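**Q** next comes the sequence, and after it the predicted model I'd like to discuss.
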Amino acid sequence: MRAQPTASHFVDGRYLEDAAGETLDVIYPATGEVIARLHEATDAVIEAALSSAARAQADWARMKPVERGRVLMRAAAIIRDRNRELSELETLDTGKPLQETLVADATSGADALEYFAGMAATVTGETIPLGQDFVYTIREPLGVCVGIGAWNYPTQIACWKGAPALAFGNAMIFKPSETTPLCALKVAEILIEAGLPAGLFNVVQGRGAVGGRLVTDARVAKVSLTGSVATGRKVYAAAAEGMRHVTMELGGKSPLIVFDDADIEDAIGGAMLGNFYSSGQVCSNGTRVFVQRPLLDRFLTRLKVRTEAIALGDPMDEAVQMGPLTSAAQLDKVMGYIEAGKAEGARLVTGGTRPDRPGFYVTPTVFADVTDDMTIAREEIFGPVMAVLAFDDEEEVIARANATEYGLSAGVFTRDLTRAHRVVAQLQAGSCWINSYNLAPVEAPFGGVKLSGVGRENSRAALESYTQVKSVYVGMGPVDAPY
Ligand code: TXE
């Protein structure tokens, strides 16, 4: 098998197998072939992961932060050196084109490792004077953290969760999505090569039940999930039982608003990036594209031309711009939404078909004449399906953009700077873009409001997600007791 790893899990500094676990076949989405056969974590594997993480974390937390940072920095350098090999694996795992994975996956993981490596030594507490007495605060790690990943960005998610957790003195047990289990193993292997002590970054494989076991273990202090809202509800509730900290990066149905004064080619480029990158399997995608009516016809004409020029094909061919969806199940789901769009009266501008080739492909799809009540305007599709909606004025479009239970992202294209800021200020979304879309540098906080999530990843905001504050009152005088 072309991508068989040394073993299914990576625990306590080495690969670990337990063939008693249920089989997990890894399928290359571009062909449908089985490229690796793994096993779900058994109780013994889960126990080994938890106990080694708890043991290793205590020493790691006592290490000087600058030394922790040095390890992460070395891991980032190894990732960059091995970018091509890691990108090819990411493509095998997800089906995303190499053209994307070479620049967006291992490299963004390395960005996160570098960012948090640098930040580790900058974390300080504060001193609060109280006359003679004073209080000082200490930022402490939480302990053992669990990361649960989705299948769209397996390397990036492992790093976005692992890097801050480790930088601030925690251990992490990461459970990749059962659909894309391969890449996180490489991250674990590289961290060890970079000098990370054994047990601090363990990878265990499995479906939801394995995640469920981790989330409810008494040794676990925090859970960070990237996934669907339905799973987020379950994981949040399970974590609440033990009063655990959570970060929830969930789905979205984000609006992208194009005013009639926008640079039309930029706006179309933004809309395409926000719907077709990674075959549309990006949580922050701007899948409701609101276009102001005077611009609508020109927008659709050019969008159709540019969409039909997208090179779809073998993801290992670097000239290819769009690969398959990541799984057969996702393909079925996306095709179901395309049918719903047609049945409910949306106008198919282009795409909506399955190309004549093996693998889980669907052509990039644009629907026009979409109305707010249609299924394709309300539900997260997670595929290359753009819904274009017409609007007349600013107040109307803000109300319609916000009329969703989700609140992950939003975008505005306009040349009117005042309007851009005025509109963004009123949009209910955690991550917004003006005259740009879907760029998520590690320097910027990332996360949602409403059903799209809780907490923020990346940036300085991640400190809140992976540390807690201890406050220490220091009495400098005699104790004033009334007894
Ligand atoms: O996600 P799930 P799935 C959306 C997208 C997609 C749909 C379903 O629309 O079509 O969700 O995808 C683990 N306790 N997004 O089924 O179920 C699971 O094993 C603990 C959007 O793959 O949310 C996997 O590792 N863990 C999203 C992870 O949760 C549990 C990205 C996500 O799985 C669990 C992914 C449980 N009870 C899908 N049940 C985004 N926001 O980007 C499942 N898991």
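**A** Received, thanks. From a predicted model like this one, the values you see are computed outputs, not experimental measurements.
**Q** you'd agree E189 is up against A7?
**A** No. Look at E189 against A7 with Cβ atoms under 8 Å: they stay out of range, at 10.9 Å. For the C-beta atoms, the positions are set from N, CA and C on the backbone; glycine is no exception.
**Q** those two: which has the busier surroundings?
**A** Between E189 and A7, counted using other Cβ atoms under 10 Å, E189 has the larger neighbour count: 20 against 17.
**Q** which element follows the helix or strand the more buried one falls within toward the C-terminus?
**A** Taking DSSP states H and E as the definition, one finds E189 inside helix 183-193. The first helix or strand that comes after helix 183-193 along the chain, using DSSP H and E, is strand 201-203.
**Q** for the stretch 1-150 of the chain, which residues are neighbours of the ligand?
**A** For the stretch 1-150 of the chain, the residues in contact with the ligand (Cβ under 6 Å from any ligand atom) are I148, G149, A150.
**Q** how many neighbours does the second one have?
**A** So the one you mean is G149. By other Cβ under 10 Å, the residues close to G149 number 29.
**Q** same question for the first one.
**A** When neighbours are defined as other Cβ under 10 Å, I148 has 25 of them.
**Q** do I have it right that it meets V220?
**A** No. With contact defined as Cβ under 8 Å, I148 does not count as touching V220 (11.3 Å).
**Q** return every residue with contacts to both of those two.
**A** L214 (Cβ atoms under 8 Å, 6 or more residues apart in numbering).
**Q** contacts for the helix holding E189 next, please.
**A** By Cβ under 8 Å, 6+ apart, the list of residues contacting helix 183-193 reads 5-6, 9-10, 13-15, 71-72, 75, 78-79, 82, 86, 89-90, 93, 105, 109, 149, 154-155, 158-159, 162, 166, 174, 176, 198, 200-203.
**Q** in that helix, what's buried?
**A** Neighbour-count burial for helix 183-193, counted by 16 or more other Cβ atoms under 10 Å, picks out C183, A184, L185, K186, V187, A188, E189, I190, L191, I192.
**Q** and F413, what is it in contact with?
**A** Going by Cβ under 8 Å, 6+ apart, the list of residues near F413 reads L256, I257, V258, F259, A262, D263, D266, A267, G270, I434, N435.
**Q** let's see 7 Å
**A** Residues counted as contacts of F413 (Cβ atoms under 7 Å, 6 or more residues apart in numbering) are V258, F259, A262, D266, A267, G270, N435.
**Q** one more: L312?
**A** Each residue near L312 by Cβ under 7 Å, 6+ apart is listed here: V320, M322, P355, Y361, T363.
**Q** nearest to S279, of those?
**A** S279 lies nearest to M322 out of the contacts of L312, by Cβ to Cβ, at 5.9 Å.
**Q** what residues does the stretch 201-350 of the chain have near the ligand?
**A** 207-208, 211-212, 215, 226-228, 231, 234-235, 249-251, 283, 330, 333.
**Q** inside helices: which ones of those residues?
**A** G208, G211, G212, V215, T231, K234, V235, Q330, K333 (DSSP state H).
**Q** what sits closest to Y473 if chain neighbours are left out?
**A** Closest residue in space to Y473, ignoring its immediate chain neighbours: V135 at 5.2 Å, by Cβ to Cβ, 6 or more residues apart in numbering.
**Q** and the helix or strand harbouring that neighbour, average pLDDT?
**A** Taking DSSP H and E as the criterion, V135 maps to strand 133-141. Strand 133-141 carries an average pLDDT of 98.
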